[in-house]
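J.: Build me a structure from this.
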Amino acid sequence: MEKVFIDIERSIGMKRHAYRMSVKKGCEEIYIKHHEQVLPGLLQALKESGIRNYSIFMDGTDLFAYMECDDIDGAWAYVRSHPANEEWSILLTPIMALVDSKDVEPRMKPMKEVFRLDDE
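T.: Down below sits the predicted model:
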């Protein structure tokens, strides 16, 4: 009997998201240290929000975040409203830099996906 495999992620419309961020020069090790011990409440909020497969990559002061989520706006609203996010923001905001000079505060800047190679 032939087995049939279904790409569940593709069939449910999983959406991929990427963001740019920047850490202040000289704060790279502090950023890494915080991410070696992410607040348990924040990890819980991220999972409850529907964000999954979340990774952050670093090159000097440049950061690239990748995650998958079906409703990213709803997920970020949920995370922002969680008490652990306020504590996390107190830790991280002082070490984050502006991504673009026209920004008024450090934030995650969404990136547009321009290429994708799937397993098929």
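
J.: C-alpha from now on. contacts and neighbour counts both.
T.: Fine.

J.: Now do the helix or strand where Ala18 lies: everything it contacts.
T.: Here Ala18, judged by DSSP states H and E, is contained in strand 16-22. Contacts with strand 16-22, where a contact means Cα atoms under 8 Å, 6 or more residues apart in numbering, come from 61-69, 96-99, 106-113.

J.: buried set for it?
T.: Within strand 16-22, the residues scored as buried using 16 or more other Cα atoms under 10 Å are 16-22.

J.: Derive a ChimeraX selection command for the buried subset of the contacts of strand 16-22.
T.: Only the buried entries of those go into this ChimeraX selection, using 16+ other Cα under 10 Å:
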select :61,62,63,64,65,66,67,68,69,96,97,98,99,106,107,108,109
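
J.: Specify the angle between whatever helix or strand comes next after the strand holding Ala18 and strand 16-22 in degrees.
T.: Downstream of strand 16-22, the first helix or strand assigned by DSSP H and E is helix 28-36. Helix 28-36 runs at 140 degrees relative to strand 16-22, counting by axes from the mean of the first three to the mean of the last three Cα atoms, to 10 degrees.

J.: Any idea how far the helix or strand just after helix 28-36 is from the middle of the chain?
T.: Where DSSP H and E defines the elements, the next helix or strand beyond helix 28-36 is helix 40-49. Helix 40-49 sits 12 Å away from the centroid of its parent chain (Cα atoms, centre = their mean, to the nearest Å).

J.: List of residues touching helix 40-49?
T.: Applying Cα under 8 Å, 6+ apart, the external contacts of helix 40-49 come out as 52, 74-76, 78-79, 82-85, 88.

J.: And for stretch 63-81?
T.: Residues from elsewhere that reach stretch 63-81 (Cα under 8 Å, 6+ apart): 13-23, 42, 45-46, 49-58, 85-86.
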